[in-house]
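Engineer: model the following, please.
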Amino acid sequence: MKKPIRKLAFICHPTRESLPPLLITLLKWSEDNGISARLTRRMAKQIGRPELGLDPKDMAAEVELIVVLGGDGSILQTARAFAADGLPIAGINLGHLGFLTLEEPKNAINTLEKIRDGHFKIENRMMLQARVKRDNHKVFCGIALNDVVIQKEPMLRVINIKVSISGCLVNTYHGDGLIFSTPTGSTAYSLSAGGPIVPPWVNVIILCPLNCHTLSARPVITSDQETLNALLDCRHSKVDLVLDGQESFQLQDGDEVEITRAQELGRVVVFKSRNFFEVLRKKMKWG
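Structural biologist: All right, here's what the predicted structure looks like:
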């Protein structure tokens with residue numbers, strides 16, 4: 001059980017048709033219960049409450065917890081934005097699978113009541129940090145809660161990626177790219193590419209090749225204490241580094257991507273110690 005929460009921010013998926021009525025309902029509940037609520041300036045203006053608008057960079061000083069109205073994608077984006085501030089994130093599922101969300105919209109008020117009263121726990125999820133070195137200079141740095149992907153554009157030639165783990169050469173992958181995943185991301189893109197499912201409390205880094213042109217290329221799991229380096233050979237293809245399927249950086253031939261565990265954590269609100277495999281069975285519709 002955590003301390004009662006009195007200062008919330010609502011981060012919303014901007015294109016959900018059901019969002020404005022739900023958000024207005026939650027804001028009214030907040031006001032009736034003495035909860036200070038803030039929104040992004042865009043959403044505050046959209047619902048006619050500009051006085052509640054706040055720049056994201058100022059939210060950490062004003063709120064104690066963020067409620068995300070959206071799906072897992074909205075939570076991933078919010079986690080990256082606020083990981084350095086250590087703000088916990090609670091999700092109301094407006095998406096599909098919702099591995100990271102708490103409840104459906106019909107239970108939104110009950111969710112806020114539990115948060116108000118401190119009846120929740122926080123799961124700390126490891127994140128990845130990706131650095132790109134070009135001619136021995138750092139040209140990009142970012143973090144991801146699910147995965148970091150090196151991926152060529154469709155219809156272009158395959159690429160070569162030489163991978164080392166803590167200085168030891170592992171393989172040169174000849175194909176469409178590589179997925180570096182956290183345990184949280186093991187049920188996302190990595191899973192669709194044939195990667196293993198890993199419980200979120202097992203702190204490892206998953207390396208999963210994308211459409212490699214050899215049957216010997218298989219997913220690899222290594223410790224979260226290792227440093228993974230990927231040297232890119234892509235003279236005839238356009239290649240991107242993609243964080244959580246949302247943020248991208250264009251790579252060049254000869255770039256080196258360094259993957260490590262990030263110092264930041266994704267802090268996900270839960271109401272009880274959920275059994276990961278029970279959630280997995282439900283979300284994946286296993287028998």
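Engineer: which outside residues touch the longest helix seen in the chain?
Structural biologist: In terms of residue count, the longest helix belonging to the chain (DSSP state H) is helix 19-32. The contact list for helix 19-32, computed with CB atoms under 8 Å, 6 or more residues apart in numbering, reads 8, 10, 12-13, 35-37, 39, 43, 46-47, 49, 52, 67, 69, 92, 94, 105, 108-109, 112. For glycine as for every other residue, the C-beta is placed from the backbone atoms N, C-alpha and C.
Engineer: now, the residues you listed that are in helices?
Structural biologist: Going by DSSP H, the helices hold M43, Q46, A108, I109, L112 from the contacts of helix 19-32.
Engineer: who wins for most neighbours among those residues?
Structural biologist: Highest neighbour count within these: L112, with 22 neighbours (other CB atoms under 10 Å).
Engineer: mind listing what Q151 touches?
Structural biologist: Applying CB under 8 Å, 6+ apart, the residues near Q151 are D176, G177, L210, V239, D240, V242.
Engineer: swap the cut-off to 6 Å and go again
Structural biologist: By CB atoms under 6 Å, 6 or more residues apart in numbering, the residues touching Q151 are G177, D240.
Engineer: just to revisit the earlier point, mind listing what's buried in the longest helix of the chain?
Structural biologist: Neighbour-count burial for helix 19-32, with 16 or more other CB atoms under 10 Å as criterion, is recorded at L19, L22, L23, L26, L27, W29, S30.
Engineer: for stretch 165-174, list the C-alpha coordinates in PDB.
Structural biologist: Extracted C-alpha coordinates of stretch 165-174, given in PDB (Å, rounded to 0.1, in the frame of the first residue of the first chain):
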ATOM      1  CA  ILE A 165      28.400  -9.000 -26.000                       C
ATOM      2  CA  SER A 166      30.800  -7.300 -23.500                       C
ATOM      3  CA  GLY A 167      33.500  -7.400 -26.100                       C
ATOM      4  CA  CYS A 168      33.000 -11.000 -27.300                       C
ATOM      5  CA  LEU A 169      31.900 -11.400 -30.900                       C
ATOM      6  CA  VAL A 170      28.600 -13.400 -31.000                       C
ATOM      7  CA  ASN A 171      27.500 -13.400 -34.600                       C
ATOM      8  CA  THR A 172      27.100 -11.400 -37.800                       C
ATOM      9  CA  TYR A 173      23.400 -11.300 -38.600                       C
ATOM     10  CA  HIS A 174      22.500 -11.100 -42.300                       C
END
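Engineer: for the stretch 51-200 of the chain, what spans make up the helices?
Structural biologist: With DSSP state H, counting those that start in this stretch as the criterion, the stretch 51-200 of the chain has helices at 56-59, 72-82, 108-116, 189-192.
Engineer: so which of these gets nearest K283?
Structural biologist: Closest of these to K283 is helix 72-82, at 10.3 Å (criterion: CB to CB).
Engineer: how is the chain partitioned into domains?
Structural biologist: Per the record, the chain has its domains at 7-120+271-284, 128-263, by automatic domain parsing.
Engineer: for the helices of the stretch 51-200 of the chain, which one ends up most surrounded?
Structural biologist: Of all those, helix 72-82 has the most neighbours on average by mean count of other CB atoms under 10 Å, namely a mean of 23.
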